[in-house]
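Asker: When you get a sec, could you give me coordinates for this:
(one chain, ligands or ions: 1)
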Amino acid sequence: MGNGILSYLKGGSWVSGEEMANSQGISRAAVWKQIQALRAKGYYIESSTNKGYRLVREPDLLDAGALRQALKTKVVGRDIYYYPEVGSTNDTARKLAWSCDDGTVVVAETQREGKGRLSRSWYSPPGGLWISVILKPRIALAQAYRINMAASVAVARTLSFLYGIKATIKWPNDILVNDRKICGILMEISAEVDRIDYAIVGIGLNANVAAKNFPTDWKAISLLEELGSKVSRTDLAQSLLEELENAYLSIGSKENYEDWCRLSATLGKRVRIASHDGDLEGLAESLSEDGALMLRLPGETRRILAGDCIHLSLSEQRPDQDQSSNHV
Ligand code: BTN
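Answerer: Prediction:
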């Protein structure tokens with residue numbers, strides 16, 4: 001179906017079925033069919049026997065065509081696969097990964113089985129930005145943290161650039177706004193020791209969703225809640241992919257590392273790290289250039305390369321901890 005009648009309705013005033021039928025050279029029954037098809041796509045169209053039809057609300061869909069046209073990138077988003085619904089954009093990306101180009105993007109309006117870190121599920125209703133980018137950097141597996149760093153600074157820079165939001169990064173790569181999680185990043189990798197075949201960077205950004213009610217273990221927030229109005233997810237995806245490209249093309253740079261430290265919400269806080277070695281509680285002393293969290297424990301500083309990080313409030317800290325150098 002073309003969207004001939006849509007251009008009539010876009011003005012927002014009442015348009016009679018007869019006028020649209022005549023101008024398109026189609027029957028009024030065909031107009032009715034097109035109206036029904038638009039409604040099925042999420043357009044809210046009022047109808048009245050006397051006045052005809054009126055477009056009240058357009059669906060909040062990501063416009064992949066407009067995104068492709070607007071993108072000013074060389075690598076990231078050269079190919080974009082858009083789906084109304086998938087299981088997980090990371091899983092769809094994995095199926096493409098061997099044969100696709102560096103920078104290929106998979107984006108979906110909703111995910112049935114969105115995946116989070118540490119085998120958690122990721123709630124992905126319509127209105128969020130659920131996107132995976134396949135990257136093929138020429139780096140060794142031991143440097144894979146650089147991809148995480150690039151992705152998290154790209155998200156924070158996007159939120160600052162587009163909306164003036166001061167986003168921070170909870171180690172290793174959760175993006176927070178006012179101490180609530182607005183975005184999570186799940187990186188999956190296929191590699192040999194000295195070469196990464198591909199990395200799938202899955203970014204889940206709570207855009208136009210009611211995140212405060214999300215069934216999550218953490219406190220979530222969305223752009224809608226922070227800004228008080230909906231954002232254009234097409235513009236958001238465009239800026240995000242452009243920032244990701246900048247950070248990716250300068251992967252391993254001082255600038256990425258320095259921003260990652262500057263934007264850290266974890267540095268200086270008392271934290272609990274859940275890792276396969278058990279739970280560790282200490283002070284997040286510094287972040288090393290290779291992505292590790294340097295955790296001060298009684299008598300030693302431990303290098304933590306992976307794990308789940310929880311920022312502790314005073315009441316959550318173990319009584320045996322030294323609380324003199326406390327968190328911000
Ligand atoms: C986290 O646990 O914080 C990471 C969440 C990552 C979610 C995104 S949404 C797009 C991509 N597809 C997935 O299934 N997960 C990632």
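Asker: Can you pull the domain assignment for the chain?
Answerer: Following automatic domain parsing, the chain resolves into domains at 3-57, 64-262, 270-327.
Asker: winner for burial among those?
Answerer: domain 64-262 (a mean of 19; mean count of other Cβ atoms under 10 Å). The way it works is simple: take the backbone N, C-alpha and C, and place the C-beta from them, glycine included.
Asker: Now do the nearest residue to T168 once chain neighbours are set aside: how many residues are near it, please.
Answerer: Among residues not flanking T168 along the chain, A265 sits closest, at 3.6 Å (Cβ to Cβ, 6 or more residues apart in numbering). Burial measure for A265: 20 neighbouring residues, criterion other Cβ atoms under 10 Å.
Asker: can you give me phi and psi for A265?
Answerer: Main-chain torsions, A265, degrees, to the nearest 10: phi -90, psi -10.
Asker: dump the residue contacts of it.
Answerer: Residues in contact with A265 (Cβ atoms under 8 Å, 6 or more residues apart in numbering) are 168-170, 176, 179, 311.
Asker: Out of the residues you listed, the closest to A191 would be?
Answerer: Nearest to A191 out of the contacts of A265 is I169 (Cβ to Cβ; 23.8 Å).
Asker: which residues are contacting stretch 22-38?
Answerer: So stretch 22-38 is in contact with 1, 3-6, 8-9, 17-18, 20-21, 45, 47, 53, going by Cβ under 8 Å, 6+ apart.
Asker: Can you sort out which of those also neighbour the ligand?
Answerer: By Cβ under 6 Å from any ligand atom, no member of these lies near the ligand.
Asker: Mind checking which of those land in helices?
Answerer: Here DSSP state H is the test, and the contacts of stretch 22-38 give 4-6, 8-9, 17-18, 20-21 as lying in helices.
Asker: what would the domains of the chain look like in CSV with mean pLDDT?
Answerer: Supplementary listing: the domains of the chain in CSV, determined by pLDDT from 0 to 100:
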stretch, mean pLDDT
domain 3-57, 91
domain 64-262, 96
domain 270-327, 83
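Asker: For stretch 73-86, which outside residues touch it?
Answerer: Stretch 73-86 is contacted by residues 62, 64, 67-68, 71, 89, 92, 96, 100-112, 133, 135, 241-242, 244-245, 248-249 when judged by Cβ under 8 Å, 6+ apart.
Asker: swap in stretch 62-71?
Answerer: Against stretch 62-71 from outside (Cβ under 8 Å, 6+ apart): 77, 80, 82, 107, 109, 129, 233-234, 237-238, 241-242.
Asker: What is the distance between that stretch and the centre of its chain?
Answerer: Computed by Cα atoms, centre = their mean, to the nearest Å, the separation of stretch 62-71 from the middle of its chain amounts to 16 Å.
Asker: For the ligand, tell me whether that stretch is touching it.
Answerer: No. If you take Cβ under 6 Å from any ligand atom as the test, stretch 62-71 misses the ligand, and the best it gets is 12.9 Å.
Asker: Quick check: the residue of the chain nearest the ligand.
Answerer: Taking Cβ to the nearest ligand atom, the ligand has its nearest neighbour within the chain at G184, 2.1 Å off.
Asker: just checking, that residue touches G204?
Answerer: Yes. Assessed by Cβ atoms under 8 Å, G184 is found in contact with G204 at 5.0 Å.
Asker: Any figure for the gap between S27 and Q36?
Answerer: Taking Cβ to Cβ, to the nearest Å as the measure, S27 falls 14 Å from Q36.
Asker: residue ranges of the helices in the stretch 1-150 of the chain, please?
Answerer: Counting by DSSP state H, counting those that start in this stretch, one finds helices in the stretch 1-150 of the chain at the ranges 4-9, 17-24, 28-40, 64-70, 89-97, 145-163.
Asker: would JSON lines of those with distance to A292 be doable?
Answerer: Output for those, formatted as JSON lines (distance: least, Cβ to Cβ, whole Å):
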{"stretch": "helix 4-9", "distance to A292": "53"}
{"stretch": "helix 17-24", "distance to A292": "63"}
{"stretch": "helix 28-40", "distance to A292": "51"}
{"stretch": "helix 64-70", "distance to A292": "35"}
{"stretch": "helix 89-97", "distance to A292": "24"}
{"stretch": "helix 145-163", "distance to A292": "8"}
